[in-house]
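Engineer: Kindly return the folded structure for what I paste below:
(2 chains)
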2 protein chains.
Amino acid sequence: MDQLIELLSRLPGLGPRSARRAVLMMLKRRGQVMAPLAQAMARVALDARDCHHCGNISTEEICPICQDPVRANGEICVVEDVADLWALERAGVFAGRYHVLGGTLSALDGMGPEELGIPRLEKRIGAEAISEVILALPATVDGQTTAHYIADALAATPAQITTLAQGVPIGGELDYLDDGTLGAALRARRKL
Amino acid sequence: MDQLIELLSRLPGLGPRSARRAVLMMLKRRGQVMAPLAQAMARVALDARDCHHCGNISTEEICPICQDPVRANGEICVVEDVADLWALERAGVFAGRYHVLGGTLSALDGMGPEELGIPRLEKRIGAEAISEVILALPATVDGQTTAHYIADALAATPAQITTLAQGVPIGGELDYLDDGTLGAALRARRKL
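Structural biologist: Model prediction:
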C-alpha cells in the first residue's frame, strides 16, 4: 500500500497527500474503481507504442491518424509533444497528419535533430507528397530555435513552411496580456 | 487510453486535465512508472480487506495493529474513517488500538449503529479488557451527534469515555480562529 502511494505521488498534479486520499478512495471502492483502473493501466502499459511514422502514442504500430487515408491532405503539423497533438485533436481544427518531435533542440539534454526525428520528417515530405509543414511549436526561446532549425532543414524541399499565428487569445483582455504578445498582435494586425 | 483517463479523473484531486497529464507522463515512462503502478494497484485491489476487529484496511484478515500484542493497552480510539486512523498513526501519538466507524450516524445515508459497528465495539470492551474509549470524531454536528450516541451506548460498560480536547491548534494565530474554537479554548483553559 505504501508502495502504491509512493508510485501515485510521482504523477504530475499529485503529491503524497493527494495520493493518500486517492488510494483511500480507491480502497473503499475496490471493485468499481481500483480493479478496473489497474486493468486499464496494465493494458495500456503493455499495448502503448510510438507510431513509426509520426511519433504519436497509440495501441497500434501505426497510429489511427497515420492510418486514416482522409488525413493524407498534404499537411503535416509539427508539435513538440503528444500532449500538443491531443490538444489539437480535441479542438478538431486540423485535418492533416502530425510529426511529434518529443522535445525541442537542446544540447544540454542531448536532443539533436536525429532525436527529434527531423530526417524522418524530411523523408515523409517526398513520400507523402506534403505541400505544407505547419510548425506548431511553443512560443519559447527553445521552441522558436527548433522552429527555425526545422525551417532551414526543410528549405530545400518543395513543402511550404508555416507557423501558428501569434496574437491576442480569444477571450483575452488586453489589460492582462504580456508585452510580447501585445507587440506580436500589433505587428500582425490585419484589415477588418 | 480514453477509458484510463476517464477512470483516473474520478480520483479525488484529479480532473480530466490532470488525468490526461498523468497518463501522458506514464505513457512516456511506461516501464518505470506505468507497469509497476498497475501491478501495485492490482495487488492492493486483490489483497486489501477490512480488519474484522477494528475496520482498518490492510492486506490481512486481522490488521497489524490488532495483531500487535503491545498495542493491547486497554485503550480504543474511535475514528470516523481509515484516513483518520492513518493520520493518528503518522503522528505516532496513540499506542492503543482503533475502531473505525466508516462514517457517522445518518438516517439519510442509512448509517445506523449496526453499520458503524457499535455493537462490535461494545463487545470488544469486555473481550479486550478496555479501560478507556477515546472518541476522536470530527468537530462537526454529525461527528458530535455520533460521539454522544456512542457515549450513551457504552455508558453501561466499565470503560471510561473521553474525547479529544478542543482549542487553539499548534501554530494557530488567534486572529484567524473561528469563534467556536476560540470559545472552546477559553472554556477549557487550564492552569499554567
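Engineer: burial count for residue A:2?
Structural biologist: For residue A:2, the neighbour count with other CB atoms under 10 Å in any protein chain shown is 9. Where C-beta positions appear, they are placed from N, C-alpha and C, glycine not excepted.
Engineer: Correction: the previous question concerned residue A:16.
Structural biologist: 12.
Engineer: what does residue A:189 give?
Structural biologist: Residue A:189 has 8 nearby residues by other CB under 10 Å.
Engineer: Same check on residue A:88?
Structural biologist: The burial count for residue A:88: 15, using other CB under 10 Å.
Engineer: Contact partners for it?
Structural biologist: Taking CB atoms under 8 Å, 6 or more residues apart in numbering or on different chains, we find residue A:88 in contact with A:77, A:79, A:94, A:98, A:136.
Engineer: Apply 7 Å and report the result again.
Structural biologist: A:77, A:94, A:136 (CB atoms under 7 Å, 6 or more residues apart in numbering or on different chains).
Engineer: now these in TSV, with neighbour count, distance to residue A:33 and pLDDT?
Structural biologist: Shown next, in TSV, are the contacts of residue A:88 (neighbours: other CB atoms under 10 Å in any protein chain shown; distance: CB to CB, whole Å; pLDDT from 0 to 100):
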residue	neighbour count	distance to residue A:33	pLDDT
A:77	23	36	94
A:94	18	35	90
A:136	19	36	91
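Engineer: Put together JSON lines for those residues, with secondary structure and distance to residue A:6 on each row.
Structural biologist: Below are the contacts of residue A:88 laid out as JSON lines (DSSP: H, G, I helix; E, B strand; the rest coil; distance: CB to CB, whole Å):
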{"residue": "A:77", "secondary structure": "strand", "distance to residue A:6": "38"}
{"residue": "A:94", "secondary structure": "coil", "distance to residue A:6": "39"}
{"residue": "A:136", "secondary structure": "strand", "distance to residue A:6": "36"}
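Engineer: from the residues you listed, which single one is nearest chain B?
Structural biologist: residue A:136 (16.8 Å; CB to the nearest CB).
Engineer: what's the spacing between the closest one and residue B:77?
Structural biologist: According to CB to CB, to the nearest Å, residue A:136 stands 57 Å off from residue B:77.
Engineer: Run a quick neighbour tally on residue A:186.
Structural biologist: 10.
Engineer: Got the phi and psi for the residue lying closest to residue A:55 once chain neighbours are set aside?
Structural biologist: Among residues not flanking residue A:55 along the chain, residue A:100 sits closest, at 3.4 Å (CB to CB, 6 or more residues apart in numbering or on different chains). Phi and psi for residue A:100, reported as degrees, to the nearest 10, are phi -100, psi 120.
Engineer: Quick check: beta-bridge partners of residue A:100?
Structural biologist: residue A:79 (DSSP bridges).
Engineer: and it, what is it in contact with?
Structural biologist: A:54-56, A:79, A:81-82, A:85.
Engineer: Find me the pLDDT at it, would you?
Structural biologist: For residue A:100, the pLDDT comes out at 95.
Engineer: Can you pull the residues of chain A lying near chain B?
Structural biologist: A:1, A:3-4, A:7-8, A:10-14, A:18, A:20-22, A:24-25, A:27, A:30, A:33-38, A:40-42, A:44-45, A:48, A:57, A:82-83, A:86 (CB under 7 Å from any CB of the partner chain).
Engineer: Can I have the buried ones of these as a PyMOL selection?
Structural biologist: Selecting only the buried entries of the residues of chain A next to chain B in PyMOL, with 16 or more other CB atoms under 10 Å in any protein chain shown as the criterion:
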select buried, chain A and resi 1+4+7+8+10+11+14+18+20+21+22+24+25+27+30+33+34+35+37+38+40+41+42+44+45+48+57+82+86
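Engineer: Quickly note the distance from residue A:118 to residue A:55.
Structural biologist: Applying CB to CB, the value for residue A:118 to residue A:55 is 11 Å.
Engineer: how about the one helix or strand in chain A whose mean pLDDT sits lowest: buried residues?
Structural biologist: Sorted by mean pLDDT, DSSP states H and E, the helices and strands of chain A end with helix A:179-187, the least confident at a mean of 82. Residues of helix A:179-187 classed as buried: A:181, A:184-185 (neighbour count, 16+ other CB under 10 Å).
Engineer: what's the answer for stretch A:121-132, then?
Structural biologist: Of the residues in stretch A:121-132, those buried (16+ other CB under 10 Å) are A:121-122, A:124-125, A:128, A:130.
Engineer: Which of those residues sits closest to residue B:161?
Structural biologist: residue A:121 (73.1 Å; CB to CB).
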